[in-house]
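> sequence first, then the predicted structure:
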Amino acid sequence: MSDKTMTVEEAVSRLESGMTLGIGGWGSRRKPMALIRALLRSDVRDLTVVSYGGPDVGMLAAAGRIRRLVTAFVTLDSIPLEPHYRAARERGAFELTEVDEAMFMWGLRAAAHRMPFLPVRAGLGSDVMRVNPGLRTVTSPYDDGETFVAMPALRLDAALVHVNRADRLGNGQYLGPDPYFDDLFCEAADAAYVSCERVVETAELTKEAAPQSLLLKRHTVTGVVEAPNGAHFTSCAPDYGRDEAFQKRYATTAWPQFAARYLAGDERAYQSAVGEEK
């Protein structure tokens, strides 16, 4: 067992153009935004992004880093449709594969179990089959003879997720109300980089919460980044809620101006700029 801690820059330096990149969290909740900001400061592009999308997708789309997006939705939660994503989609900036939320989860689960696909009822009787003509169905070999969607595995070259706490070995803990499938992102990926609010000793993890809160297992994690406020401006309950004022500023500011103001420097410069405006 080894110390897996690294900086955001070191984590992003492991990523390459053309990768399939999974991003954990959900909408505008517990997104690995410090890692996303570092990714935007790099020259990595031409990505296939797999995400229950929020501002992670919006920023990468606005910056022209996405070649193909696989998602069930892209939202800011309190703002229903992510505006920078919408603008990029309307100008045809990338390919889109849109599936049902459960189909998306089953694709991650198939990849986590190294299966080529898994059968799922979600999607049957909807337009998801029409807009994704590559999808196939399978028939149960048993007496029921039921038909299912054969959801293909969402294999990832790398995954980025954010949790409340982690140790140096790669065990990750969430303290909020929902795991958001971050464990599946890590298990579906060849390499997983986890940012956290605070790196603690292993014994400290179970002092704050029950063992069931240990969402990420060290054997699925490649690197650990301590990034206080690293999910900003999305929520990271119970450490902090969504910064609604900043999110509104993001949603209503033209991308070139937003990027110039908040992404020109390193993560410390970003946090400093945010702090000055409060």
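In hand now; what should we look at?
> what's the closest non-adjacent residue to E95?
Distances taken as Cβ to Cβ, 6 or more residues apart in numbering place R68 nearest to E95, at 4.1 Å, with adjacent residues excluded. The way it works is simple: take the backbone N, C-alpha and C, and place the C-beta from them, glycine included.
> what pLDDT does the one you found get?
Listed pLDDT for R68 reads 98.
> ok so it is a helix residue?
No - per DSSP: H, G, I helix; E, B strand; the rest coil, R68 lies outside any helix segment and is strand.
> pLDDT score assigned to M1?
68.
> let me redo that: L205
Taking L205 on its own, its pLDDT is 96.
> one step back: I figured the residue nearest to E95 hits E98, correct?
No - the pair R68 / E98 is not scored as a contact, 11.4 Å apart, by Cβ atoms under 8 Å.
> helices of the stretch 51-200 of the chain, residue ranges please.
Remark: helices of the stretch 51-200 of the chain, listed N- to C-terminal, are 55-62, 83-90, 101-112, 128-131, 182-187; assignment by DSSP state H, counting those that start in this stretch.
> who's in contact with the longest one?
Where contact means Cβ atoms under 8 Å, 6 or more residues apart in numbering, the residues beyond helix 101-112 that reach it are 22, 50, 52, 70-73, 99, 116-118, 120, 122-123, 128, 149, 151-156, 181, 184-185, 187-188.
> drop anything exposed from those residues.
22, 50, 52, 70-73, 99, 117-118, 120, 122-123, 128, 149, 151-156, 181, 184-185, 187-188 (16 or more other Cβ atoms under 10 Å).
> now do the contacts for the residue nearest to E95.
48-49, 94-97.
> what of A88?
Contact analysis of A88 by Cβ under 8 Å, 6+ apart lists 58, 61-62, 64, 66, 94.
> I figured V128 hits T137, correct?
No - judged on Cβ under 8 Å, V128 makes no contact with T137 at a distance of 11.6 Å.
> mind listing the shared neighbours of those two?
V149.
> got the phi and psi for E204?
Dihedral pair for E204: phi -70, psi -20, per degrees, to the nearest 10.
> do the same with the one 3 residues further on
The phi/psi pair for K207 (degrees, to the nearest 10) reads phi -80, psi -30.
> tell me the spacing between it and E244.
The gap separating K207 from E244 is 32 Å, by Cβ to Cβ, to the nearest Å.
> those two - which one has more neighbours?
E244 (15 against 8; other Cβ atoms under 10 Å).
> contacts only, for the closest residue to that one other than its chain neighbours.
The shortest distance from E244 to any non-neighbouring residue, by Cβ to Cβ, 6+ apart, is to S78 (6.3 Å). By Cβ under 8 Å, 6+ apart, the contact set of S78 is 28, 242, 244, 247.
> correct me if wrong: the first one contacts P80.
So the one you mean is S28. No - between S28 and P80 there is no contact under Cβ under 8 Å: 10.8 Å.
> so these two - more neighbours on which side?
S28 (27 against 9).
> how much space separates the nearest residue to L60 once chain neighbours are set aside from D56?
The shortest distance from L60 to any non-neighbouring residue, by Cβ to Cβ, 6+ apart, is to I66 (5.2 Å). For I66, the distance to D56 equals 10 Å [Cβ to Cβ].
> again, but for E277
Distance from E277 to D56, by Cβ to Cβ: 21 Å.
> neighbours around N229, how many?
The tally of other residues near N229 (other Cβ under 10 Å) stands at 18.
> report the buried members of the contacts of A88.
58, 61-62, 66, 94.
> tell me the one of these nearest T234?
Using Cβ to Cβ, G58 comes nearest to T234 of those, at 11.2 Å.
> what residue ranges in this protein score low on pLDDT?
Residues of the chain that meet the criterion pLDDT under 70 lie in 1.
> ok, 80 please
The model of the chain has pLDDT under 80 over residues 1, 208, 278.
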